[in-house]
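Participant: just coords:
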């Protein structure tokens, strides 16, 4: 039996995007990384911050969905909204910690630390 790419029982990728400081920007899933990364490049303002990409191959869509939710909840990427209370709190201004705001500021403006130190 042939397994079509993107089918629920086909391998899928879990990917993580990092900025130059190693801050996790985004976690996502796809059956076709090249197409999905182009969508991010064309659609997301934070794409210009991405300097490192980590990709894991998982055997099925169900496995990658579970891994994505776990990664987002535990690793708290800056730009994921689903499964990520920390990012939602920062965007709404309610319930975010100082550290969460600081991570967002440093990520949004890579010169922030040098300006703050001056």
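Facilitator: Yep, that arrived. Since we're looking at a predicted model, the values are computed, not measured.
Participant: Correct me if wrong: residue 24 contacts residue 18.
Facilitator: Yes - using CB atoms under 8 Å, residue 24 is in contact with residue 18, at 5.8 Å. No exception for glycine: its C-beta is placed from N, CA and C like everyone else's.
Participant: So between these two, which is more surrounded?
Facilitator: Neighbours per residue (other CB atoms under 10 Å) separate residue 24 from residue 18, with residue 24 holding more: 21 against 17.
Participant: Tell me the spatial nearest neighbour of the more buried one, not counting adjacent residues.
Facilitator: In space, and not counting its chain neighbours, residue 24 is closest to residue 77: 4.5 Å by CB to CB, 6 or more residues apart in numbering.
Participant: That neighbour: what secondary structure?
Facilitator: Assigned with DSSP: H, G, I helix; E, B strand; the rest coil, residue 77 falls in the coil class.
Participant: For the protein, which segments count as strands?
Facilitator: With DSSP state E as the criterion, the chain has strands at 12-18, 24-30, 52-58.
Participant: Kindly reformat the ones you listed as TSV containing mean pLDDT and distance to residue 73.
Facilitator: Formatted as TSV, the strands of the chain follow (pLDDT from 0 to 100; distance: least, CB to CB, whole Å):
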stretch	mean pLDDT	distance to residue 73
strand 12-18	95	14
strand 24-30	95	10
strand 52-58	94	16
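Participant: so which of the ones you listed gets nearest residue 67?
Facilitator: Closest approach to residue 67 among those is made by strand 12-18 (5.0 Å; CB to CB).
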